[in-house]
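> Got a predicted structure plus its sequence, pasted below:
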Amino acid sequence: MTEEHAPDGVPDDAVPDTSEIADEIAEVEGRRYPSTLGGFFYLWVLAAAAVGVAIAWLGHDWRLGVTWISGALIAASALRLLMPAKDAGMLAVRHRILDVVLLGTLGGLLLFLARTVPNQPGT
């Protein structure tokens, strides 16, 4: 509120100045690195999954691509299990046991899929 719009004519100190807001935004936008060890590992898991997607998408062996993705998910599950909650960072989405079970199960099922689906005729 401005001085002329304040009910008692006194400026409201609870409303920050625009320069204070700009300084806070600059502080937040200035940091571009993971703040926890889990955030660092999350980026590696993401990179490994992206490699798997790229391998499958580029028409190379789809089984190899899915294996990369499943490996990334299983690694994320193991990391989430071993890391303390305060260090898990972006790996911690839900409760630890739920994260571990979901990531491990999905990774295991994808690995099972990649290893058991028979080749199609003519390939």
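It's in.
> Lowest-scoring secondary structure element of this protein by mean pLDDT?
Lowest on mean pLDDT, DSSP states H and E among the helices and strands of the chain sits helix 18-30, with a mean of 70.
> So the residue nearest to the spatial centre of the chain: helix, strand or coil?
By Cα atoms, centre = their mean, the chain has its centre lying nearest to Met90, at 5.0 Å. Look at Met90: counting by DSSP: H, G, I helix; E, B strand; the rest coil, its state is helix.
> pLDDT value on it, please?
Looking at Met90, its pLDDT stands at 84.
> just checking, it touches Phe40?
No - between Met90 and Phe40 there is no contact under Cβ atoms under 8 Å: 9.3 Å. The C-beta positions use only the backbone N, C-alpha and C, and glycine is treated the same way.
> in the protein, which spans are helices?
With helices called from DSSP state H, the chain shows them at 18-30, 37-57, 62-82, 96-116.
> Could you single out the most deeply buried of those?
helix 62-82 (a mean of 19; mean count of other Cβ atoms under 10 Å).
> ok, and what's touching that one?
With contacts defined as Cβ atoms under 8 Å, 6 or more residues apart in numbering, helix 62-82 is touched by 38, 41-42, 45-46, 48-49, 51-57, 88, 91-92, 96, 99-100, 103-104, 106-111, 113-115, 117.
> and the angle for that helix with helix 37-57?
If you take axes from the mean of the first three to the mean of the last three Cα atoms, to 10 degrees, helix 62-82 sits at 170 degrees to helix 37-57.
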